[in-house]
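Participant: Sharing a model prediction with you, sequence too.
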Amino acid sequence: MNSLVTVTPSSIVRRNNDAVVSFQGGKYQDSLALFQEALGNVRAKLAVADHQAAADTRRPKDTVLLIQGVPLDESIRSSARIQVDNSSGMTFFDRCFLIANPLTTADNDTTSASASASSEAHINSLLDDNECKVCSVLLYNIGATHHLAGLATGSQQELDKAFKVYQMALEFLQIEYENQQQEQMDNVLLILSMAIMNNIAHIQSTWFQYPQARHCTQWLREAAEHMDTALLRDPDFMFFFLRYYVLPFNDVSSCSAAA
């Protein structure tokens, strides 16, 4: 029980972001351990929250979650052992997501202690308001790390783990989408969905499951076609816009027809 009580929201964000740095350097074993620890801390935090008497009504509501994709280092990406593009033309979206803390110190905090307390409270609100999204980010990051390990080592077992974790991440996104009760996904749900669908299709085409991969790519083309142009300032969204709308490829579809 003591280990649950000592979990802090900032430790979850910190472990995730430290893991992203390890992922960027191709250290998938180190990053996987940190991502899994962060996800375990989320579960522990939720367990503690279940035993709290009442929520603090003064905390901000609907805190916006911001994430940022961080790609593999180019030297790692171009490694002979890591073939990001497979024979069907599918590309591994080789990014993990940082969780950003949008809190600024522009308020009237005068001491580092008060600023730290304010930041911790803000991150606590961030996680409370975005539980499903945070779980989806962590699960996607874990999946991408297994995916990277599979490409680096040729391990089908790692690709299978990645595939299953991606599916779990999609389930959390679906819960969040239904909870929002909106016709369109917000930006975080959209970029996570696109990243997951792309990487699922990459694995499926590696397994020669072309009809299933084509289903994912068709969804991605439609999503890219209806993308708000304002999102194109974000390099993560630009990746999918270029890949599936500006320069769409037909390799998966043609392979499926040939099969």
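Facilitator: Done, it's in.
Participant: Pretty sure residue 201 sits against residue 90.
Facilitator: Yes. In this structure, residue 201 is within contact of residue 90 by CB atoms under 8 Å, at 5.7 Å. Heads up, the C-betas are built off the backbone N, CA and C, glycines and all.
Participant: ok, residue 139 touching residue 168?
Facilitator: Yes. Look at residue 139 against residue 168 with CB under 8 Å: they come within range, at 5.2 Å.
Participant: then stretch 31-46 to PDB, C-alphas only?
Facilitator: C-alpha atoms of stretch 31-46 as PDB (Å, rounded to 0.1, in the frame of the first residue of the first chain):
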ATOM      1  CA  SER A  31      12.300   2.600 -22.900                       C
ATOM      2  CA  LEU A  32       9.900  -0.400 -22.500                       C
ATOM      3  CA  ALA A  33      10.700  -0.800 -18.800                       C
ATOM      4  CA  LEU A  34      10.000   2.900 -18.200                       C
ATOM      5  CA  PHE A  35       6.800   2.900 -20.200                       C
ATOM      6  CA  GLN A  36       5.600  -0.100 -18.300                       C
ATOM      7  CA  GLU A  37       6.500   1.500 -15.000                       C
ATOM      8  CA  ALA A  38       4.600   4.700 -16.000                       C
ATOM      9  CA  LEU A  39       1.500   2.600 -16.900                       C
ATOM     10  CA  GLY A  40       1.800   0.800 -13.600                       C
ATOM     11  CA  ASN A  41       1.900   4.100 -11.800                       C
ATOM     12  CA  VAL A  42      -1.300   5.200 -13.600                       C
ATOM     13  CA  ARG A  43      -3.000   2.100 -12.400                       C
ATOM     14  CA  ALA A  44      -1.700   2.700  -8.900                       C
ATOM     15  CA  LYS A  45      -2.900   6.300  -9.000                       C
ATOM     16  CA  LEU A  46      -6.300   5.200 -10.000                       C
END
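Participant: What residues sit buried inside that stretch?
Facilitator: 31-32, 34-39, 41-42, 44-45 (16 or more other CB atoms under 10 Å).
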